[in-house]
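**Student:** Make a model of this:
(one chain, ligands or ions: 1)
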Amino acid sequence: MVCTFLSQQPRLYHVGPLARIGPNHLLLSDPDAIRKMLAARSLYTRGPWYDSLRIDPHRANLITERDEKKHRVLRQQMAAGYAGNDVDELESTINERIAEWISYIRCNAASDASKTVRFDMARSMQYLTTDVISHLCFGEPFGFVKTHGDVYGFIATLESRLPFIENFSVIVELNRVLSAICSVPFLKNRLLPQPTDEDGLGKIVGISRKVVDKRFEPNAVPQNDILGSFLKNKIPREQAESEITISLFAGSDTTATSLRGTILHIATNPQVYSRLVNEISAASIAGKISNPMANEEAANLPFLQACIKEGLRIFPPITSLRERAVPAGGDTILGHFVPAGTNIGINMAGTMLNEVFGHDADVFRPDRWFEKDPAKLNRMERVHELVFGHGGTSCLGIRIANMTLNKTIVEPLSWYILSARFLVENYIKG
Ligand code: HEM
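**Tutor:** Got it, this is the predicted structure:
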């Protein structure tokens, strides 16, 4: 049996490898051409689309910086923090947040014979990922899981802002107008989120400022966390505020979307579900899974890894255009000459349906990752890698994302397996 949930949706992303979507905008889904465009030494640069992601139109951060040199310096200063090299407790922090989440579900969301509890698992997973990133970047969780609520209206802001960005970011003139308006301080203060706001993005900006201010107090002890790593690597004070604010956008919604897509497909596909439960159960009986599960242990669960890969492929969490500008002199893409300055958007959902994945690319089938032909498997892996970007702007949070995905899928199932085993053992004992 296969899950046809996605294949029943209109496949708007089947538009061919190169499509024209605006007067000066193309959409690309050919993996080789995307790789070439994003490559470290490519002459393509981030296009004006990135300006629409800025919180303050006059201040860029790692994710929105279009100046190649400035971006490279920022990336060097932040890579160690995000990779966890400078962070003592990356894994234990993620464990702590997941333990709190499981405990919340156990106490508040478990149905039994006498009652049915309705529980929005998709929303709950976003509470978890936002707490993980806030704990890692701000030093403590914002409390989304504890309250099971949208603390500071952060998610509401995200959900109202993102569709606006997605719809209007290609109208680059709008950003120029906004930038000009925001040059007038009076208008800027009224239009942009302020650190004094009671909720929304402004509140997060305010918290970021307070957290960074604390690190600059006279007797402040340097911390071995992500922010500590940024500061150790000489990220200026105001830049650090902006970077930890944006880390919440980069890390929480993306990981929550991947979890939702993957778990939906596992849960609605009985064969996949039972194979995964069996794999986890066998590893647990053989003592190959600790409590909580270590990240390296997850790497030894091949079916789990196949499910996660397939989940990211069938439901890539970042489908924004992320446009690049064609360099001076133009370029020839898939046999078509494209003039300099044309904006090329990336069709990630379309790319993940590339023919390298076979005739059933639109179906969730983790088994495809057990491909016997090493050359074919390698081609699939190379296309799949693009989910996390490529080259000098590729995702810096891959380790955090993978750890969160591994643990958040395994821990609830382990709990379920342990409870089932406990029931069976007690039943046998009589
Ligand atoms: C499954 C989850 C995730 C996916 C699929 C993902 C994907 C991506 C992609 C495609 C990019 C490239 C953007 C571009 O081309 O401009 C990117 C960049 C980035 N991601 Fe992730 N991401 C995920 C999770 C995370 C997490 C958890 C963090 C950490 C908090 C993070 C931090 C970043 C940062 C800092 C960048 C900017 C890199 C740069 O501009 O040099 N991401 N991510």
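
**Student:** Quick one: neighbours of whatever residue of the stretch 301-430 of the chain ends up closest to the ligand, just the number.
**Tutor:** Nearest residue of the stretch 301-430 of the chain to the ligand: Gly397, at 1.9 Å (CB to the nearest ligand atom). In short, each C-beta sits where N, CA and C put it, glycine included. When neighbours are counted by other CB atoms under 10 Å, Gly397 registers 21.

**Student:** Same question for the one 4 residues further on.
**Tutor:** The burial metric for Ala401, expressed as a neighbour count using other CB under 10 Å, is 23.

**Student:** State the three-state secondary structure for it.
**Tutor:** helix (DSSP: H, G, I helix; E, B strand; the rest coil).

**Student:** hang on, the earlier thing: quick check: phi and psi on the residue of the stretch 301-430 of the chain closest to the ligand?
**Tutor:** phi -100, psi 20 (degrees, to the nearest 10).

**Student:** going forward, begin numbering at 28 instead of 1
**Tutor:** Sure thing, new numbering starts at 28, so read that last one as Gly424.

**Student:** so what's it up against?
**Tutor:** Contacts for Gly424 were tallied using CB atoms under 8 Å, 6 or more residues apart in numbering; they are Tyr109, Ser274, Ala277, Gly278, Thr281.

**Student:** What distance do you get for the third one to the ligand?
**Tutor:** Going from Ala277 to the ligand by CB to the nearest ligand atom, to the nearest Å gives 4 Å.

**Student:** Quick check, pLDDT for the closest residue to that residue other than its chain neighbours.
**Tutor:** Distances taken as CB to CB, 6 or more residues apart in numbering put Ile90 closest to Ala277, at 5.8 Å, once the chain neighbours are dropped. Ile90 is assigned a predicted lDDT (pLDDT) of 94.

**Student:** before we move on, what about Gly338?
**Tutor:** At Gly338, pLDDT is 98.

**Student:** now swap in Phe449 and tell me
**Tutor:** If you check Phe449, the pLDDT there is 62.

**Student:** picking up where we left off before, how close does the residue of the stretch 328-457 of the chain closest to the ligand get to Tyr109?
**Tutor:** From Gly424 across to Tyr109, the span is 5 Å (CB to CB, to the nearest Å).

**Student:** coming back round to it: and the residue nearest to Ala277, its phi and psi?
**Tutor:** According to degrees, to the nearest 10, Ile90 has phi -80, psi -20.

**Student:** so it touches Ile82, yeah?
**Tutor:** No - here Ile90 lies out of contact with Ile82, judged by CB atoms under 8 Å, at a distance of 10.4 Å.

**Student:** does Tyr131 count as helix, strand or coil?
**Tutor:** helix.

**Student:** Who are the packing partners of the least confident helix or strand in the chain by mean pLDDT?
**Tutor:** Within the chain, no helix or strand scores below helix 212-218, which has a mean of 75 by mean pLDDT, DSSP states H and E. Other elements packing on helix 212-218 under the criterion 3 or more CB pairs under 8 Å, 6 or more residues apart in numbering; DSSP states H and E are helix 199-208.

**Student:** Please compute how far the helix it packs on lies from its chain's middle.
**Tutor:** In this view, helix 199-208 has its centroid 28 Å away from the chain centroid, taken as CA atoms, centre = their mean, to the nearest Å.

**Student:** Give me the mean pLDDT for that helix.
**Tutor:** pLDDT averaged over helix 199-208 gives 79.

**Student:** Cheers, nothing more for now.
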